[in-house]
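Undergrad: my questions are about this predicted structure, shown below with the sequence.
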Number of protein chains: 2
Amino acid sequence: MPDIRHRVVVSAPLESVYQAVATSEGISEWWTRGGVQGESVEGSKLEFYFGGPDPAAVMEVSRLSPEGSVEWNCVGGADEWIGTRQSFDLSRQGDETVVLFTHADWRSPSEFMAHCSARWAYFLLSLKSLVETGQGTPFPEDLKF
Amino acid sequence: MPDIRHRVVVSAPLESVYQAVATSEGISEWWTRGGVQGESVEGSKLEFYFGGPDPAAVMEVSRLSPEGSVEWNCVGGADEWIGTRQSFDLSRQGDETVVLFTHADWRSPSEFMAHCSARWAYFLLSLKSLVETGQGTPFPEDLKF
């Protein structure tokens, strides 16, 4: 099954990047300020809002390891997303942190998948900016494309 | 074989986007100002420089169609790139142009491929910015990550 995979290097400690992807507060500062509802704990669900009355995505948190791993299973939202998995694998590289992001198990390499691929890259650079400078570009301040 | 695929919408006529991907002058304003050597005509080779004495990539131009298609075959550069293919498929959508970019036929979904995936998304947003505003972020002015 086709996957989206991006690698981004962040000039910050692994712990700082982990906080930004493992907590609702962190995620809201680089992905969506439209709302992140739910508790970010293993087995719980997170709802992500992007301006509409319903969540654009609902993820079950399947793994949270402070050593550098966050994994979600998509259980609600866009039809093409349901059944896909997102993971953020963090590793140290000198003073920097490497983020290997995967959005796996798409049913087909659709044009929507290509759209999401570019969008994820954009938001991973928002994550980088947030951790390095304190300022991300989450929805609704994101560039529209 | 795994592919990188990104979709980006540009608020500009198709012809403007085509000029930016089909000509050396255009490419140098969104991908690399380090040098684009060679003639962008079908069957010819283009060399792309990113600061080193040798080209970082050499592409054979396999298709140039002003209706909205540019295709390259990578014949030199990073080992993992050789034998891969890049394509830019442009289509009109109202007043906008949809760019569907594919970097196809990677041998394996390596960490370098994930790096290149994020880098291509960044440079496609540079292309969007160039065509919409006259200002891209090509090498060496690009964000390093």
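TA: That came in fine, so what should we check first?
Undergrad: buried residues in the helix or strand containing A:Asp89, which are they?
TA: Using DSSP states H and E, A:Asp89 sits in strand A:85-93. Judged by neighbour count using 16 or more other Cβ atoms under 10 Å in any protein chain shown, the buried positions of strand A:85-93 are A:85-88, A:90. Where C-beta positions appear, they are placed from N, C-alpha and C, glycine not excepted.
Undergrad: now stretch A:43-63
TA: Under 16+ other Cβ under 10 Å, the buried positions of stretch A:43-63 are A:45-50, A:55-61.
Undergrad: and what of stretch A:17-24?
TA: A:17-18, A:20-23.
Undergrad: ok, of these, which one's closest to A:Lys128?
TA: A:Val17 (8.6 Å; Cβ to Cβ).
Undergrad: let me know the pLDDT of the closest one.
TA: With respect to pLDDT, A:Val17 scores 98.
Undergrad: which non-adjacent residue is nearest it?
TA: Using Cβ to Cβ, 6 or more residues apart in numbering or on different chains and skipping the chain neighbours, the partner closest in space to A:Val17 is A:Thr97 (4.7 Å).
Undergrad: give me the number of residues near the closest residue to chain B within chain A?
TA: As assessed by Cβ to the nearest Cβ, chain B sits closest to A:Ala121 within chain A, at 3.2 Å. Applying other Cβ atoms under 10 Å in any protein chain shown, we find 24 residues neighbouring A:Ala121.
Undergrad: then the one 5 residues further on?
TA: Burial of A:Ser126, expressed as a neighbour count using other Cβ under 10 Å, amounts to 22.
Undergrad: backbone dihedrals for it, please?
TA: phi -70, psi -40 (degrees, to the nearest 10).
Undergrad: quick one, strands of chain A?
TA: A:4-10, A:36-37, A:45-48, A:57-65, A:69-77, A:85-93, A:96-104 (DSSP state E).
Undergrad: and the ones you listed: which comes nearest B:Phe145?
TA: Nearest to B:Phe145, of those and by Cβ to Cβ, is strand A:4-10 at 5.1 Å.
Undergrad: quick check, the closest one touching chain B?
TA: Yes. Using Cβ under 8 Å from any Cβ of the partner chain, strand A:4-10 comes into contact with chain B via A:4-10.
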